Every structure is written in structure tokens, then in C-alpha cells.
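Trainee: would you be able to build a 3D model of this:
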Amino acid sequence: MDSHQFDDLTRSLAIGLSRRRAMKVLASGAAGGLAAFLGRHDAAAGKPCATDKDCPKNQSCATNNRCTHKCDPALVPLCPSCQTPVCTSTGYQCQAANDGADCSYLGTTCGVCQSGQCAFTCSACQICGSGGCISDPGKNGTACGTGGACCAGSCCAVGQECCAGCQPACPSGQTRNQTTCRCECPSGTMLCNGQCYSTDCGACGSFDGGTCQCVSACASGTSCCNGGCVLSICTVGKSFNTSTCQCECSPGTVACGGNCVAPCDTSRCEGCDAASGSCRSSCTGTQTCVNGSCAETCAAGTIPCGNQCCAGPNANQSALCCEGGCCVGPAGASLICTRDTCRNEPLCCAAGDSDPSVCRAPSCIPDVCCKPSG
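Mentor: Below is the predicted model:
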């Protein structure tokens, strides 16, 4: 706006110029000023130059040896997301920047700036979702990395297990609960000091988590037998048999009258005396044990016969012991034991024997074979 335009404006305001007329005057003045500024600015642009020193301020010498605008804020270029405008000797240039920052990849948010470019960052076990890289359930179990497998968007290393993500392998004997993802012992066992132990301690036991062992629930003096606690205190020489739930004699001993004794010596005619609870001889009175049997001890002049003593043969009688008892006859009598019976009979005639001094045929006993006395 020159001095003449300014005077016209002031006069118009003084005489009540309309608002439209005043705006017209102002607009014409502003347009004229802008044209004068651009004319002067452009007049320097394109000026021949050899170096930037030959150009006005905020201009530089371009490769065509002409002055050009340098880094004009009104001419800042729009650079990609992984680049930024940098003022150079030839003006603004887009250069790599923001490495590692999130960027848009093909309209998604699955990129990261790398050397000025937006690179896809989802792993082999992921897909790109609206919010970025997300797990791809369809890839669970597929191979990835070096011998690994995909799990919930991650690549599990060899030996790891998949459960809501990569988990360390469970210790030996334990399995993973797919609901809680915790390592647990099988049913019927309990984790104790890092190992699984059976908790089946029977009807009379319980599992002790301190010692990792089954302990008896029976009170002192009792033992578990047939599913219950029974008294197991035994007398000397006896021990408790958990199969029969009774106190029994220890090996090498036998029961006798409530006691446990060494087996009775039958070669000495011993037997169990229940009344005394010990081994005693079964021989009575004047009997003695001979070769495992009780026999009478006969006085001189008598002979043993069963459990009695028979008067022996002498000048006045003949004597013989038969199974039925003592056989006694007159002196010189021929005594024989026939069918467990003692008989005082003459000897029978042998076949063909006709000597009347030793055999008397009418007195022969049928079916008895005998020899002449003497």
C-alpha cells in the first residue's frame, strides 16, 4: 500500500465510506505489497552461481549453477513414516530415521522402521491383526526355529511344552494340566521333595509329607491286620503274625500249654504236658523209655512182657511172653504162642514125622507149625 492508497483510505473513513469500499481498498493494497515481495524474491532466484556464497541468504547454488531456494519452511516435503526431511545443500531431502519405531505396513501396524523402510515384524508363528502381530492358532505345533514348534504366537525351544505359551518341561513322573498349565503328579500320588509318591498307605496308614513315607496310624502296642488295628503285644517267645492276626510261636518252637517250647524229643518218649506247658516223658511208674517206647523195668527172675513183668522160667515153671501177656506153665511144659494166645500143648507132627516121643498126632493143633523142643 503506497502513500496515495493510505490517504484515500483515511479520507474514506472520515466521510463514512461503506465497509465494502474500505475492504476493497485494503485488499488492493495487500495484493500490491505481496506482488512487490514476490517480485523481489524471485528476482534473485536463478541467479548464476559457482558456490553457495554467490547466492543470497536462504538460497544455495544448485547443480545447474543457478541459485535456488534452500530449506524454505513452506516447502518441507512429506516423507514416508520411516523417513524425515533433512535440510541439505540442495534443499530438503527425505532420509532414514526412527529405526525400531512402529510403522504402518501395507495399511497395518505390523511394521517397524529399518533403514528407512517399514519392514514386516510378525514372527513365523504370528499373523498381522488390527492391533498388530497376534498369535495364529492355526500354526500351533508347526515347526519353527531350530527344532522348535509354534505355541500361542511364540516359538518354543526344544524340550519346552506348549500350554498358554512356552513352558519348561515337567519333571520326570509329572504331567501338565492343560487347564491350569501346572505340572502335577498322577492321581493317587503326591508331590513330595520334588518327586511323586504313592499315597496309598492302606487302611491303617497315612502319608507323611515330611518324610515322604507311609506311617502307621495304629497306636503303640497294636498292629494293622485285616483292615484294622489289633492288639499285637505277645508273650516271650511269640511274635505277631499279620496274616492270621494272632501271636504265634517263633520259628523253631511249638506251642505247648500256652507256651512256646522246643519240639519234644520222641526218642526219649517225650510229649507235651499241657498242664505244665513243657515237654515231659510219657512213661509212668516203673516204665523206662527203650528205643522211643515205654517199657517196664523188670526185677531179677522176671521177664518184661508189654507193660508188665512176668515171672521167668525156673525149676518150678515154664514162662513165655506172648503178645497177649505172660504165658506160664508147669516145669518142662512146651509153651507156645498161638494167635496171641499162650497154649500148653504137645508139639505138632511135622509132615512125615512119626516119632511118638515128640509128636502125638491126636493132640496136634490145626494150622500151627511147630518144632520139637530141644
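
Trainee: quick check: closest non-adjacent residue to Cys122.
Mentor: Of all residues not flanking Cys122 in the chain, Cys133 sits nearest, at 3.8 Å (Cβ to Cβ, 6 or more residues apart in numbering). The C-beta positions use only the backbone N, C-alpha and C, and glycine is treated the same way.

Trainee: which element follows the helix or strand that neighbour falls within toward the C-terminus?
Mentor: If you go by DSSP states H and E, Cys133 is part of strand 132-135. Later in the chain than strand 132-135, the nearest helix or strand by DSSP H and E is strand 143-144.

Trainee: that following strand - contacts with which helices or strands?
Mentor: Other elements packing on strand 143-144 under the criterion 3 or more Cβ pairs under 8 Å, 6 or more residues apart in numbering; DSSP states H and E are strand 148-151.

Trainee: give me the number of residues near Ser223?
Mentor: By the criterion of other Cβ atoms under 10 Å, Ser223 has 17 neighbours.

Trainee: oh, and call the first residue 42 from now on, that's how I've got it
Mentor: Shifting the count to begin at 42 puts that one at Ser264.

Trainee: and it, what does it touch?
Mentor: By Cβ atoms under 8 Å, 6 or more residues apart in numbering, Ser264 lies in contact with Ser257, Cys270, Val271, Ser273, Phe281, Thr283.

Trainee: also Ser122?
Mentor: Ser122 touches Asn139, Cys144, Ser145, Cys154, Cys159, counting by Cβ under 8 Å, 6+ apart.

Trainee: likewise Glu311?
Mentor: Cys305, Cys320, Arg321, Ser322, Ser323.

Trainee: if I look at the residue nearest to Gly373 when sequence neighbours are not counted, how far off is Cys233?
Mentor: Leaving aside its sequence neighbours, Gly373 sits nearest to Ser359 (Cβ to Cβ, 6+ apart; 6.6 Å). Noted for Ser359: a distance of 94 Å to Cys233, by Cβ to Cβ, to the nearest Å.

Trainee: pLDDT weak spots in the protein?
Mentor: 42-86, 130, 146-148, 365, 379-382, 384-415 (pLDDT under 70).

Trainee: OK, contacts around the residue nearest to Cys163?
Mentor: So Cys174 contacts Cys151, Thr162, Cys163, Ser164, Gln167, Ile168, Gly194 (Cβ under 8 Å, 6+ apart).

Trainee: could you list which of the residues you listed belong to strands?
Mentor: Of the positions in the contacts of Cys174, Cys151, Gln167, Ile168 sit in strands, assigned by DSSP state E.

Trainee: between these, which is nearest Val199?
Mentor: Nearest to Val199 among the ones in strands among the contacts of Cys174 is Gln167, at 20.2 Å by Cβ to Cβ.

Trainee: how near is that closest one to Ser145?
Mentor: Plainly put, Gln167 is 17 Å away from Ser145 if you go by Cβ to Cβ.

Trainee: neighbour count: those two, which is higher?
Mentor: Gln167 (20 against 13).

Trainee: what residues does that one make contact with?
Mentor: Gln167 neighbours (Cβ under 8 Å, 6+ apart): Cys174, Ile175, Ser176, Asp177, Lys180, Gly194.

Trainee: how far away is the second one from Ala372?
Mentor: What that stands for is Ile175. Per Cβ to Cβ, Ile175 is found 135 Å from Ala372.

Trainee: these two: who's more crowded?
Mentor: Neighbour count, other Cβ under 10 Å: between Ile175 and Ala372, Ile175 has more, with 14 against 10.

Trainee: does the residue nearest to Cys211 when sequence neighbours are not counted have beta-bridge partners, and which?
Mentor: Leaving out its chain neighbours, the residue that sits closest to Cys211 by Cβ to Cβ, 6+ apart is Cys224, at 3.8 Å. Note on Cys224: beta-bridge partners Arg217, judged by DSSP bridges.

Trainee: quick check: Cys224 vs Pro212, distance?
Mentor: Counting by Cβ to Cβ, the gap from Cys224 to Pro212 is 7 Å.

Trainee: the two: who's more crowded?
Mentor: Cys224 (18 against 12).

Trainee: these two touch, right, that one and Thr216?
Mentor: Yes: taking Cβ atoms under 8 Å as the definition, Cys224 is a contact partner of Thr216 at 7.2 Å.

Trainee: before we move on, back to that, against Glu225, how distant is the residue nearest to Gly373?
Mentor: 101 Å.

Trainee: neighbour count winner among the two?
Mentor: Remark: of Ser359 and Glu225, Ser359 carries more neighbours, 17 against 14, as counted by other Cβ under 10 Å.

Trainee: helix or strand for the more buried one, which one?
Mentor: strand 358-363.
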